[in-house]
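[1] when you get a sec, could you give me coordinates for this:
(chains A and B)
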Amino acid sequence: MRALRVDPIACDGRGLCAELIPERITLDEWGYPIVDPAPLTPSLQRHAERAVAACPMLALRLGWIDSTEGRAGSRSRRR
Amino acid sequence: MNARLLAGVATRIAPTYDQHLALHGPLDPRGDLTDELDRAGLRGRGGAAFPTGTKLRAVAEAGGRPLVVANAVEGEPVSGKDRALLRVAPHLVLDGAVAACRALGARDAIVAIGDRTGRERAMVEAAIAQRGRKDGRVTLRTAAVESRFVAGEETALVRALGGREAKPSLKPPYPFERGLDGAPTLVANAETLAHVALIARFGAGWFRSAGTSESPGTALVTIGGAVVQPGVHEIELGTTLDQVLEQTGGANEAVQAILVGGYFGRWVTPAKARELRLTPDVLGAGAIVVLPAGVCAFAECARVLAYLAEESAGQCGPCVHGLRAIADTMSAPGEPDRRRRLEQLAALVDRRGACRHPDGAAGFLRSALDAFADEFAAHVRRGRCGARDARVLPIVGRRQR
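    Numbering: from 1, shown residues only, chains lettered A, B, ... in the order given. Next comes the predicted model:
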C-alpha cells in the first residue's frame, strides 16, 4: 500500500499539495502540510500522484507503508 | 554495586594505556561481538536507547567497508558524562571503537568531540598516541565538530564530519546504510562503546550481573541542580530515581521536581521518584536535574523552551515556526488560553521534523504542563508566581560557543 510522505527539510510550505489532495493533506497555521499517513485508497491514487508532481520543491513523495512500523517510508533504492 | 566504567577512578587523571590494561586486562574478544552484544542486551546510551547489537548487524549487512564513529559530542547542556568518560577512561572508549571495527571489518574509527571541549580532545589524542595511533589494523583519530545541541544527532554528526554544517538530514538513508563518505557508518555513543569494550572482555553474562533482566548493566548519569554531589555517577539500571538520588548523596534542599533525561526528558515529582525505575528509555542521555522548592519552574521551562527554539537546525518549517511560537507563548504575559495554546503547539510540532528535535521539545513542554499545572495557572492569572528565578537549568548561549 502506498501513502503520502513529506520531506520536511525540502518542504517550503507552498501549499499546492493541500489543494490537490485535501483528503490527505491539510496545512498548519504556518502553511506547512500535515500529511495523513493512512494508505491511499484507489480513488485517491491519481490525486496523490498529481500532488507529488506539482510540488515545486519535490518535497512530497509517494512511499510504501512500512509493515514493521505501520508508517509511511520511502522505498529504498540502494545501489 | 561495583563501578565498571568508572572503576579505578580515584583521581581525575586519565590512566595510561598500561595502567588501563592492568586494570581491565587485554582486549581479546572471544566469539562474535555482535552476538555477545545481543545477549548482553546493551542499548545505546546517547538518548535513543537503540539495541547496539542490532545496529552493528545493520552496518555489517549494508555491505562495503564500514566506519566507526564514537559520538562524544554531547550537546545537551545538562549532560557531562561522555566528556567525563573521555577524561577518566579514554582507553575504554577507544577499546570499544576498536572492538567494533574488528567485528565489522572497519579500519577507521573517529572519536567526535564538540569544539568547545578542547581539553577532552587533547586527552583522547594523548591516549591514541600511547597506543601508537594504530591498534592492529584500525587507525584511530579524533575530530571536532561544532558544539551545538543538534550536532550529536547521528545524521548531523556524519554531515559535520564530512565538512558540512552540523544539521540533520532526512532518514532513510540512515548512517548505517550510507554515512560518512557514503560508507556504512556505525555511530555509537562514547559510553555505549565503553560498555562494548567491557562486554568484549567479560561477556554478556557478566554484563547482565548488574541491572535488571529488562534493563541490564550500568549507566553513567550526570546529576545536577540542588544535590550534595553534582557530577557524573555510575548507576545500576533498573534502580529507582529515588534510590539513585540517595546513593549519589541526595538533595541539599527540599525538592520540587526532578528532570530526568535532559531537555528531551520528563519532569518527575518527588512522590513519583520512588516508583520510577531508571532504564535507558527513561534516562535518555543520562542527565538528571533536581529543581529545588521555591524556584519558579515556569521560568526554568520557559528558558529551556526558548533555548530549544534557538537550537532548531532551522531546516523544517514546523520546527522553526512551532518552537518559536512555543517560546513566544511562554513569554507572553497573561494570555488566558495559554495552556490550551501550548498543548496545541506541542501537537503541531510533534513528529513533524526530519529529526527528533521538535518531538523532544514537545515532550518537555507536555511534561512541564503536567508537572507544573499550578505554576502555569498562576502565571496565566498573575503573569508570575512569586517564586524566584534561580536559573537552575543551564543553557548555552550562541555567544558562548
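[2] so which bits of stretch B:239-250 are buried?
    B:239, B:241-245, B:248 (16 or more other CB atoms under 10 Å in any protein chain shown). All C-beta atoms are positioned from the backbone trio N, CA, C, and that covers glycine.
[3] could you list the low-confidence segments of the chain?
    I went with chain A, as the question did not name one. Along chain A, the parts satisfying pLDDT under 70 run over A:66-79.
[4] hmm, no, I was thinking of chain B.
    Low-confidence segments of chain B, defined by pLDDT under 70: B:10-12, B:333-335, B:397-401.
[5] what's near enough to touch the residue nearest the centre of it?
    With the centre of chain B defined as its mean C-alpha position, the nearest residue by CA atoms, centre = their mean is residue B:285, 2.5 Å away. Neighbouring residues of residue B:285 by CB atoms under 8 Å, 6 or more residues apart in numbering or on different chains: B:45-47, B:74, B:76, B:79, B:81, B:189, B:261-262, B:264.
[6] so which of the buried residues of stretch B:239-250 comes closest to residue B:28?
    Comparing the buried residues of stretch B:239-250 against residue B:28 with CB to CB places residue B:239 closest, at 31.3 Å.
[7] could I get the contacting residues of the closest one?
    Listed by CB under 8 Å, 6+ apart, the contact set of residue B:239 reads B:247, B:277-278.
[8] what does residue B:257 give?
    Counting by CB under 8 Å, 6+ apart, residue B:257 touches B:267-270, B:291, B:297, B:371-372.
[9] change it to 6 Å
    Shown in contact with residue B:257 (CB atoms under 6 Å, 6 or more residues apart in numbering or on different chains): B:267, B:269, B:291, B:371.
[10] chain A versus the nearest residue to the last one once chain neighbours are set aside, what's the distance?
    Closest residue in space to residue B:371, ignoring its immediate chain neighbours: residue B:267 at 3.7 Å, by CB to CB, 6 or more residues apart in numbering or on different chains. When distance is defined by CB to the nearest CB, to the nearest Å, residue B:267 is 27 Å away from chain A.
[11] so residue B:267 is in contact with residue B:370, correct?
    No: using CB atoms under 6 Å, residue B:267 makes no contact with residue B:370, being 7.3 Å away.
[12] who's more crowded, these two?
    Each of residue B:267 and residue B:370 had its neighbours counted (other CB atoms under 10 Å in any protein chain shown), and the higher figure belongs to residue B:267 (24 against 12).
[13] what residues does chain B have near chain A?
    B:170, B:172, B:315-318, B:321, B:348, B:353-354 (CB under 6 Å from any CB of the partner chain).
[14] which two of those residues lie the greatest distance from each other?
    B:172 and B:321 (25.7 Å).
[15] with just CA atoms, put stretch A:27-43 into CSV.
    C-alpha atoms of stretch A:27-43 as CSV (Å, rounded to 0.1, in the frame of the first residue of the first chain):
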residue,chain,number,x,y,z
LEU,A,27,-2.0,23.0,6.1
ASP,A,28,-0.9,24.1,9.6
GLU,A,29,-1.1,27.7,10.7
TRP,A,30,2.3,28.4,9.1
GLY,A,31,1.3,26.9,5.8
TYR,A,32,3.2,23.6,6.1
PRO,A,33,1.5,20.4,5.2
ILE,A,34,0.1,18.0,7.8
VAL,A,35,0.1,14.7,5.9
ASP,A,36,-2.3,11.9,6.9
PRO,A,37,-0.1,8.8,6.7
ALA,A,38,-3.1,6.5,6.0
PRO,A,39,-2.8,4.3,2.9
LEU,A,40,-4.2,5.8,-0.2
THR,A,41,-7.5,4.4,-1.5
PRO,A,42,-7.5,3.6,-5.2
SER,A,43,-9.7,6.6,-5.9
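[16] closest to chain A out of the contacts of residue B:285?
    Nearest to chain A out of the contacts of residue B:285 is residue B:264 (CB to the nearest CB; 18.2 Å).
[17] tell me the contacts of residue B:284?
    Shown in contact with residue B:284 (CB under 6 Å, 6+ apart): B:47, B:261-262, B:264-265.
[18] among those, which one lies nearest to residue A:27?
    For these, the nearest to residue A:27 is residue B:264 (27.2 Å; CB to CB).
[19] hang on, the closest one packs against residue B:360?
    Yes: counting by CB under 6 Å, residue B:264 does reach residue B:360; the two are 3.2 Å apart.
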